[in-house]
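Participant: Below: sequence and its predicted model.
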Amino acid sequence: MQALRTRFRSWSSNARLDGKTVLITGANTGIGKETAIDLAKRGARIIMACRDMEKADASLKEVIEASGNQNVVTSKLDLSDSKSIREFAEKVNTEEKQVNILINNAGVMVCPYGKTVDGFEMQIGVNHMGHFLLTYLLLDLIKRSTPARIVSVSSMAHQWGTINLEDINSEKNYDKKKAYSQSKLANILFTRSLAKRLEGTGVTAYSLHPGVVQTELWRHLSKPQQAAMWIMKPFTKSSVQGAQTTIYCAVDPEIEKESGKYYSDCAPANCARAAMDDDVAQRLWELSCKMLNITWE
């Protein structure tokens with residue numbers, strides 16, 4: 001149990017973010033909200049990008065009260081709809097002077113088969129394609145905000161994933177756990193590819209495993225799976241604990257020059273061999289651009 005307490009301890013740093021702007025997707029709940037609170041306490045302007053604005057407005061009050069920072073706003077973003085993503089990005093590009101830290105946090109997990117507005121399988125569509133497009137649309141602003149960081153929340157579930165380039169939308173055969181693992185593997189491959197393309201720009205990219213966290217993502221698990229997770233609850237992380245590696249990747253001065261790496265428990269971590277396959281990463285990049293109808297060299 002002592003080892004668990006050590007592994008789950010909060011990352012401590014007095015690093016400030018005064019004058020910085022942080023954009024967090026899915027910031028109205030779970031580790032996204034805890035990340036918003038922490039970074040707001042450090043003095044950053046926080047943009048909470050959320051799908052459900054009613055929940056977002058309630059969380060906005062919590063973040064302001066918990067942080068004492070009034071410079072926090074919410075904005076509508078539905079990552080399952082490219083039209084919403086484009087409208088959101090246009091608003092940010094028009095109204096914001098800078099985005100110093102983009103945190104691609106929102107996600108869906110082991111949900112029943114469904115498709116996004118644009119016809120993508122929901123998990124690859126939201127977890128990968130949505131954040132891919134959002135990052136693309138905000139990148140010029142992020143580059144003008146250097147030094148800047150792009151942090152993508154992945155999962156250790158990537159270890160069980162494979163990128164099915166011939167059936168990325170799982171139309172021939174759908175296994176919700178495999179589809180989730182594929183989307184989380186895509187997050188890491190995207191980060192690797194992005195880091196290479198951003199060399200020399202002053203923008204760095206990181207991916208991470210937050211831990212097994214008690215969040216609303218559990219809602220799509222079967223009843224036996226949920227029962228098993230509750231049995232494992234003493235060995236899981238709270239949302240505050242789960243947010244620590246995201247916060248670490250967003251603000252730690254010591255990794256400012258690092259880019260493209262994968263982190264867990266506030267330290268560099270080993271990822272699966274499939275997550276280091278640059279050939280698959282490049283092919284996924286090209287496929288993503290084609291499916292999103294964008295040109296991103």
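Facilitator: All right, it came through fine. Numbering: from 1, shown residues only.
Participant: longest single helix anywhere in the protein?
Facilitator: Of all the segments assigned as helix in the chain under DSSP state H, the longest by residue count is helix 176-197.
Participant: Buried residues, that one. List them.
Facilitator: 176, 178-195 (16 or more other CB atoms under 10 Å). Where C-beta positions appear, they are placed from N, C-alpha and C, glycine not excepted.
Participant: What of stretch 260-270?
Facilitator: Buried residues in stretch 260-270 (16+ other CB under 10 Å): Gly260, Lys261, Tyr262, Tyr263, Ser264, Asp265, Cys266.
Participant: Check the average confidence over it, would you?
Facilitator: Regarding stretch 260-270, the rounded mean pLDDT is 96.
Participant: With stretch 57-68 instead?
Facilitator: What stretch 57-68 shows for mean pLDDT is 97.
Participant: what does that stretch rub up against?
Facilitator: For stretch 57-68, the external contacting residues (CB atoms under 8 Å, 6 or more residues apart in numbering) are 27-29, 33, 36-38, 40-41, 46, 48, 50, 69-70, 72-74.
Participant: Give me the subset of the residues you listed lying in helices.
Facilitator: Judged by DSSP H, helices contain the following of the contacts of stretch 57-68: Lys33, Ala36, Ile37, Asp38, Ala40, Lys41.
Participant: Tell me, how many residues neighbour the residue lying closest to the first one once chain neighbours are set aside?
Facilitator: Spelled out, that is Lys33. With sequence-adjacent residues excluded and distances taken as CB to CB, 6 or more residues apart in numbering, Lys33 is closest to Ser59, at 5.4 Å. If you count neighbours by other CB atoms under 10 Å, Ser59 ends up with 22.
Participant: All the strands of this structure, in order from the start?
Facilitator: 21-25, 45-50, 72-76, 101-104, 148-153, 203-209, 261-264, 267-268 (DSSP state E).
Participant: So which bits of the fifth one are buried?
Facilitator: Within strand 148-153, the residues that count as buried by 16+ other CB under 10 Å are Ala148, Arg149, Ile150, Val151, Ser152, Val153.
Participant: Count the residues that sit near Trp160.
Facilitator: Neighbours around Trp160, by other CB under 10 Å: 16.
Participant: Leaving out chain neighbours, which residue sits closest to it?
Facilitator: Ser181 is the one closest to Trp160 (CB to CB, 6+ apart), at 4.4 Å.
Participant: Among the ones in helices among the contacts of stretch 57-68, the buried ones, what's the PyMOL command?
Facilitator: In PyMOL, this line selects whichever of these come out buried by 16+ other CB under 10 Å:
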select buried, resi 33+36+37+38+40
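Participant: now stretch 88-102, how far from the centre of its chain.
Facilitator: 17 Å (CA atoms, centre = their mean, to the nearest Å).
Participant: I should have written stretch 124-140 there, sorry.
Facilitator: Distance of stretch 124-140 from the chain centroid (CA atoms, centre = their mean) equals 10 Å.
Participant: Alpha carbons only: can I get that stretch in PDB?
Facilitator: Taking Å, rounded to 0.1, in the frame of the first residue of the first chain, the C-alpha atoms of stretch 124-140 are listed here in PDB:
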ATOM      1  CA  ILE A 124     -11.600   7.000 -33.400                       C
ATOM      2  CA  GLY A 125     -13.700  10.000 -34.500                       C
ATOM      3  CA  VAL A 126     -13.700  11.900 -31.200                       C
ATOM      4  CA  ASN A 127     -10.500  10.700 -29.600                       C
ATOM      5  CA  HIS A 128      -8.300  11.000 -32.700                       C
ATOM      6  CA  MET A 129      -9.900  12.600 -35.700                       C
ATOM      7  CA  GLY A 130     -11.600  15.400 -33.700                       C
ATOM      8  CA  HIS A 131      -8.400  16.400 -31.900                       C
ATOM      9  CA  PHE A 132      -6.300  16.000 -35.100                       C
ATOM     10  CA  LEU A 133      -8.600  18.500 -36.800                       C
ATOM     11  CA  LEU A 134      -8.700  20.900 -33.800                       C
ATOM     12  CA  THR A 135      -4.900  20.900 -33.500                       C
ATOM     13  CA  TYR A 136      -4.500  21.500 -37.300                       C
ATOM     14  CA  LEU A 137      -6.900  24.500 -37.200                       C
ATOM     15  CA  LEU A 138      -5.200  26.100 -34.100                       C
ATOM     16  CA  LEU A 139      -1.600  25.400 -35.000                       C
ATOM     17  CA  ASP A 140      -0.800  28.800 -36.600                       C
END
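Participant: I'd like to know how far Leu139 sits from Val240.
Facilitator: 31 Å (CB to CB, to the nearest Å).
Participant: Which one's more surrounded, those two?
Facilitator: For Leu139 versus Val240, neighbours defined as other CB under 10 Å are more numerous around Leu139 (21 against 17).
Participant: Next one, pLDDT for Leu79 please.
Facilitator: Looking at Leu79, the pLDDT reads 98.
Participant: No more questions from me, cheers.
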